[in-house]
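S.K.: just to be clear, the model below is a prediction. Sequence and coordinates:
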Amino acid sequence: MARYEFRCRECGSTFEVDRPMQHSSDPAECPGGHTDTVKLLSAVSIGGRARTATRPVTPPSPFAGGAPTGGGGCCGGGCCG
């Protein structure tokens, strides 16, 4: 048994219908009794759990490999001392 979502073009209501897959294209009547309905495309959700991070993710530091050495600039090229 599958669940299909429909929208009524007359009253605008959205409703669900449970039916076998071989009848997925059959027309459906809205709860208000209107027959001008359209089947909506739905995203499929299959059990399981979403994975969540166990610790916050931090962006990499520009100094991840240590402080820069050499190459000019004050205190980077040895002019400070």
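M.R.: Alright, I've got the coordinates. Residues are numbered from 1 along each chain as shown.
S.K.: OK, contacts around residue 29?
M.R.: For residue 29, the contact set (C-beta atoms under 8 Å, 6 or more residues apart in numbering) comprises 35, 37. In this view, the C-beta of every residue, glycine as well, is placed from N, C-alpha and C.
S.K.: begin at 4 from now on, thanks
M.R.: Sure, I'll start counting at 4 from here, so that last one is residue 32.
S.K.: and it, helix, strand or coil?
M.R.: coil (DSSP: H, G, I helix; E, B strand; the rest coil).
S.K.: any idea how far it is from residue 46?
M.R.: To residue 46, residue 32 is 25 Å away according to C-beta to C-beta, to the nearest Å.
S.K.: end to end, how far does stretch 13-23 reach?
M.R.: 26 Å (C-alpha to C-alpha, to the nearest Å).
S.K.: name the residues of it that are buried.
M.R.: Residues residue 20 are the ones in stretch 13-23 that count as buried (16 or more other C-beta atoms under 10 Å).
S.K.: give me the mean pLDDT for it.
M.R.: Taken as a whole, stretch 13-23 has a mean pLDDT of 95.
S.K.: contact partners of it?
M.R.: Contacts of stretch 13-23 (C-beta under 8 Å, 6+ apart): 4-11, 29, 31, 33-35, 37, 39, 43.
S.K.: farthest-apart pair in those, please.
M.R.: For the contacts of stretch 13-23, the farthest-apart pair by C-beta to C-beta is 4 and 39; their separation is 25.2 Å.
S.K.: these two: which has the busier surroundings?
M.R.: Legend: neighbour count by other C-beta atoms under 10 Å for residue 4 and residue 39, higher for residue 39 (12 against 6).
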